[in-house]
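A.B. asks: predicted model, plus sequence, below.
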Amino acid sequence: MRPHVFWFLAMAALGQTPIAPTPHATGSPRGENTSGYNVLNSFETGYRWFTLGGNYGKYRSDVNFGNGIRLLGGSLRVNSREGHGRLFDEMSLNTRGLGNDPYQSASLRLEKNRWYRYDMLWRLNEYFNPALPIAGGLHQMDTRRRFQDHDFTLFPQSGFKLFAGYTRNTQTGPALSTVQLFDPRGDEFPLLASIDRRRNEYRLGGEVPLYGFKLNVLRGWDRFEDDTPQRVSLLERGNNPADNTTLSSLRRTEPYQGDSPYWRLTLFRSSRRFALNARYSNVSGRRDFLFDEVAVGTDRINAARNRQILVAGSGSRPVVSGSLNLTLLPSERVTLTHHTSFHNTRMDGSGAYREVENNRTAGTILDFQFLGIRGIQTITDATLKLTNTFGLYGGYHYATRRIRSTQGQRFDNFTDVVRSGQDNRIHSGLGGIRLRPAKGFTIQLDAEIGRADRPFYPISEKNYHAINARAQYRTRAVLLSATTRTLYNNNSVSLFSHSSRSRQYSYDASWSPSSKLSFDAGYSKLHLDTNTGLAFFAASQLIEDERSVYVSNVHAGHLGLRFEIHRRVDLQAGYSMVKDTGDGRSAAAIVAPAPPAGATARQTLLVSQTFPLSFQSPSARLSVRLHNKLRWNAGYQHYGYSEDFFQLTYQNYRAHTGYTSLLWSF
Amino acid sequence: MTLLQITLSLPALLLAQQPNQPSLPQQLSDALAQAKPGGFVGSAVCRTCHPDVWLNFFRNPHYKSLASGKEPPERTGCESCHGPGQDHVAARGGRATIPKAFSIMPPRQILDTCLGCHQKDFSRADIRRSSHSQSEVACASCHSIHRSPVQKYLLAKQQTELCYECHANVRTQFAMPFKHRVNEGFMNCSDCHNPHGSPAPTWRMGLRPRMVTQALGNEEPCLKCHTDKRGPFAFEHPAVRVDGCESCHNPHGSTNAKLLRRPAIFTTCLECHNGAGNFGRQGDGIALQSPTHDMRNPRYQNCTTCHVRIHGSNADRLFLR
């Protein structure tokens, strides 16, 4: 392997997590020749271990590596030497984490020149979320997600192509949720769910030349099924000891299934002076559902309750979108682009809600909801390269959106329908300069300013500006870069204001003077402060003059060093750290989450507006080349999570993880 | 030509490049004499002096043009990208004599050259107006045609490292305790972003995000994996549809659980649900919470304990079930 390619690989691991699999290579980079094919093959297999002190749930949420033997990484590449293989000309298989890692993947490419190409990607994610700050830790998930994508192209190099594809996405596993019973002020109860969701998508399409254009057509059929049952079968007290509500059993089934077939059409044409492409897509989603919940228990006033809720209905959401791109290239130094797009989303849902309480029906409520969003956007950009070292860029963006809403409800002879409509517009301008004062040295400055007349949300962008700057110096051995990004937004109307200020600074350096030594370091600071008007109730009294002030100051750094101790031995060491210092208050100054009696609403909110924590991970790896085709690796990585708020530390943990492996090729 | 033949020809080449030996090796002279119209000499001539490139070129996707044997000279092998090699051979090498030497070409010219073949692909329909093109980040900034250590797409490095070089702030976000598993190798940046540009988003009004790909036809890419949030539901939470998932979540990573923008649930919700005029579905403010909710009580500060179906519900307009 050429030295600089090796440095690339080595650099790829510095300052990153996790440390396994190793990026080192073994064997001959030229591979072995057999039967007209060239074969490159390597596998890394080893044992992972971990020990933990502290919160296991949080560790699983953040890191989740366990003990056991793994196929940490695998790579197989077979190429025909002359490009005329019998069944295929290229086969490429890569795997990662197989054998029980929480993040596993495998990708395969199989290709026969001019005839076909097949791509497969399979992934598995063990997703665990204790969600302690959410719903008091009662929204947990311990699920397994599996994804697979298959794409097949017939005649990939010809003007006439055919596509076929299949995607499957499943999520299964236990979860914990909550249900609130039996009236709007009733207690909440934990609810067990067995998640069972599946999505299957089939695709068929083609590409043909048409009157000087390329026409690309894709038709897809998407099927989603959610059959997650939920139940409680033991006598439960709710979350709030002062509440008398009890639940002795609950059973809920809610099959939710439907299709989202779609069309996508693209027309394309280009020449030396212009390029044109038009795109249209239409997704017509529809889901049908049944909801059946039977709950038995007692309510807040100790009255026996036996309630069944039955809901049946459907939702549909056709989304139509299109865009037209026109690019003009009047000279070698000028590029003009214009993009016009539209989208039209029409969501409507209806349901019949029926409640049977202690064998008496309370009647049926019919609900209807409609939300229509129609948007048109135009973006015009110009790029001008004045000299080889100086360029300009500018653009204008205009978008208009119409939102129409209908919310209707009917109960017996009473009908309530609320209809509304509104138009939003946004104008924004962009500009920037590009400088190349010296070889390998680039400077970019960008600015964007935008004005919206009627944003949808109090925190949406209304009057905003963004300034970005980047300087980068790059040679074969050195990379130095500095970046700053600023985004300020002010969304104020009468009697309400929201401001958001985000400033980000990043500095990175890497140095690879030789194949025996490389160094990588970086520091970033991400600052965000927002100030938003709040209105809420406290003791049934409306508080309107409060504000939500959120301050986050994230300091992050990473260091990596790799050097060759001996011609057969490589050592890598890395350290990454993320620390949010919040608004600068020390942990001791932050009171407990439950404010003392008589605390004002402002005191109540302040305790939650800063979230100081630190998350750090030092690591080291030793890699020894035992033989030309064999490497032995050993690595260690520490994860430390520490929270400094509320004077509570129940989510903190310190984990020691490591692995030892053999990387071999044959 | 076999490896042995190339090795044997190297001494002759080295001698030929000595200043006191002005004549070309015989095989190159012959190649020049047999050059096709336009100055195309064929890839066999290139490999005489560039055996390191040639040795592994059969693994390169661009090798197809050679293997085919049916492409015209300007679309075959080395000269399909670098241009006719006659002058380069006659001058005995040198970057200045290569019609298209990517290491010294301006970004726009690199883009034009690569798009000569690659522009027709659907995923590159927006490349001319992408932020990368406007920032003069051309193809060769991320792709290494001859020395790619990555098996797919000829990337110059592993994808995440490549992106982190310029997007250091994103590296920080993926190093946070709550994040999508990009550093772990489970995902790639291109699962959600199209580095070659994407059309204006259908799920919000502003320009940002500018490089987020559309999935499932024309929807936000988050829904590709988080299928249960896609709907349609009988009762949609308009925040998801009108301004997208980013209304509440930081998609890369966050110090807050569930990638939320705020550490506490109730501030996430109340910053919109404050009744301030002009906003929301009806244009008269987004609904306040019920007067029965005493926000001093921690019970009411965890909104999603009761409003569990916050992304959309089929059974309750307040997302309670």
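C.D. replies: Perfect, thanks for sending it.
A.B. asks: residues contacting A:Gln140?
C.D. replies: Residues counted as contacts of A:Gln140 (Cβ atoms under 8 Å, 6 or more residues apart in numbering or on different chains) are A:Gly57, A:Asn129, A:Pro130, A:Ala131, A:Ala175, A:Leu176. Every residue, glycine included, has its C-beta placed from N, CA and C.
A.B. asks: next one: A:Arg30
C.D. replies: Contact analysis of A:Arg30 by Cβ under 8 Å, 6+ apart lists A:Asn38, B:Leu55, B:Asn56.
A.B. asks: where along the stretch 101-250 of chain B do the helices fall?
C.D. replies: Ranges of helices within the stretch 101-250 of chain B are B:107-118, B:131-134, B:139-142, B:159-166, B:168-174, B:222-225, B:238-242, based on DSSP state H, counting those that start in this stretch.
A.B. asks: got the CA coordinates for the last one in PDB?
C.D. replies: Taking only C-alpha atoms (Å, rounded to 0.1, in the frame of the first residue of the first chain), the coordinates of helix B:238-242 have been written out as PDB:
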ATOM      1  CA  PRO B 238     -48.600  20.200  12.400                       C
ATOM      2  CA  ALA B 239     -45.100  20.900  13.600                       C
ATOM      3  CA  VAL B 240     -43.900  17.800  11.900                       C
ATOM      4  CA  ARG B 241     -45.400  18.600   8.600                       C
ATOM      5  CA  VAL B 242     -45.100  22.400   8.400                       C
END
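A.B. asks: for it, name the packing helices and strands.
C.D. replies: Contacts defined by 3 or more Cβ pairs under 8 Å, 6 or more residues apart in numbering or on different chains; DSSP states H and E place helix B:238-242 against strand A:360-387.
A.B. asks: coming back round to it: so which of the contacts of A:Gln140 is the closest to A:Lys214?
C.D. replies: Set against A:Lys214, the nearest of the contacts of A:Gln140 by Cβ to Cβ is A:Asn129 (44.4 Å).
A.B. asks: what pairs with that closest one across the strands?
C.D. replies: Beta-bridge pairing for A:Asn129 (DSSP bridges): A:Met141.
A.B. asks: out of the helices of the stretch 101-250 of chain B, nearest to A:Leu124?
C.D. replies: Of all the helices of the stretch 101-250 of chain B, helix B:222-225 comes closest under Cβ to Cβ, at 12.4 Å.
A.B. asks: burial of the residue nearest to B:Glu236 when sequence neighbours are not counted, as a residue count?
C.D. replies: In space, and not counting its chain neighbours, B:Glu236 is closest to B:Gly312: 5.0 Å by Cβ to Cβ, 6 or more residues apart in numbering or on different chains. Residues contacting B:Gly312 under the criterion other Cβ atoms under 10 Å in any protein chain shown number 23.
A.B. asks: how much space between B:Gly312 and A:Arg317?
C.D. replies: Per Cβ to Cβ, to the nearest Å, B:Gly312 is found 10 Å from A:Arg317.
A.B. asks: check A:Asn200 too.
C.D. replies: Taking Cβ to Cβ, one finds A:Asn200 at 19 Å from A:Arg317.
A.B. asks: residues of the one helix or strand A:Asp423 maps to that come out buried?
C.D. replies: If you go by DSSP states H and E, A:Asp423 is part of strand A:414-438. By 16 or more other Cβ atoms under 10 Å in any protein chain shown, the buried positions in strand A:414-438 come out as A:Gln422, A:Asn424, A:Ile426, A:Ser428, A:Leu430, A:Gly432, A:Arg434, A:Arg436.
A.B. asks: excluding sequence neighbours, find me the nearest residue to the residue in chain A that chain B sits nearest to.
C.D. replies: Using Cβ to the nearest Cβ, the single residue of chain A nearest to chain B is A:Gly83, 2.4 Å away. Closest residue to A:Gly83 in three dimensions, ignoring its sequence neighbours and counting by Cβ to Cβ, 6+ apart: B:Ala67, at 2.4 Å.
A.B. asks: please apply the same query to B:Glu184.
C.D. replies: Closest residue in space to B:Glu184, ignoring its immediate chain neighbours: A:Tyr103 at 4.5 Å, by Cβ to Cβ, 6+ apart.
A.B. asks: tell me, which of the buried residues of strand A:414-438 make contact with chain B?
C.D. replies: Near chain B, judged by Cβ under 8 Å from any Cβ of the partner chain, the entries from the buried residues of strand A:414-438 are A:Gln422, A:Asn424, A:Ile426, A:Ser428, A:Leu430, A:Gly432, A:Arg434.
A.B. asks: bridged to A:Arg374, which residues?
C.D. replies: A:Asn344, A:Arg402.
A.B. asks: touching, it and A:Ser341? I think so.
C.D. replies: No - with contact defined as Cβ atoms under 8 Å, A:Arg374 and A:Ser341 do not form a contacting pair (11.8 Å).
A.B. asks: between these two, which one's more packed in?
C.D. replies: Per other Cβ under 10 Å, whichever of A:Arg374 and A:Ser341 has more neighbours is A:Ser341, with 21 against 16.
A.B. asks: for the more buried one, give me its contacts.
C.D. replies: By Cβ under 8 Å, 6+ apart, the residues touching A:Ser341 are A:Ser321, A:Gly322, A:Ser323, A:Leu324, A:Ile376, A:Gln377, A:Thr378, B:Pro199, B:Ala200, B:Thr202.
A.B. asks: then A:Leu630?
C.D. replies: Applying Cβ under 8 Å, 6+ apart to A:Leu630 gives the contacts A:Thr26, A:Leu662, A:Leu663, A:Trp664, A:Ser665.
A.B. asks: name every strand pairing with the helix or strand encompassing A:Ser105 and say which way it goes.
C.D. replies: Using DSSP H and E, A:Ser105 sits in strand A:103-112. Paired strands of strand A:103-112, with direction, are strand A:90-98 (antiparallel), strand A:116-129 (antiparallel) (DSSP bridges).
A.B. asks: so which residue is smack in the middle of chain B?
C.D. replies: The centroid of chain B falls nearest to B:Pro195 when counting by Cα atoms, centre = their mean (2.9 Å).
A.B. asks: low-scoring pLDDT stretches of the stretch 1-150 of chain B, where are they?
C.D. replies: For the stretch 1-150 of chain B, residues meeting the criterion pLDDT under 70 lie at B:1-24.
A.B. asks: which bits of it sit near chain A?
C.D. replies: So the stretch 1-150 of chain B meets chain A at B:52, B:55-56, B:58-59, B:63-64, B:66-68, B:106, B:108-109, B:112, B:115, B:119-120, B:122, B:125-126, B:128-129, B:133-136, B:147, B:149 (Cβ under 8 Å from any Cβ).
A.B. asks: any of these buried? List them.
C.D. replies: Neighbour counting by 16+ other Cβ under 10 Å classes B:56, B:58-59, B:63-64, B:66-67, B:106, B:108, B:112, B:115, B:119-120, B:122, B:125-126, B:128-129, B:133-136, B:149 among those as buried.
A.B. asks: spatially, what comes nearest to A:Gly349 if we skip its sequence neighbours?
C.D. replies: Closest to A:Gly349 by Cβ to Cβ, 6+ apart is B:Ala234, at 3.3 Å.
A.B. asks: make CSV from the ones next to chain B among the buried residues of strand A:414-438 and add pLDDT to it.
C.D. replies: Putting these into CSV (pLDDT from 0 to 100) gives the following:
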residue, pLDDT
A:Gln422, 91
A:Asn424, 91
A:Ile426, 94
A:Ser428, 94
A:Leu430, 92
A:Gly432, 94
A:Arg434, 93
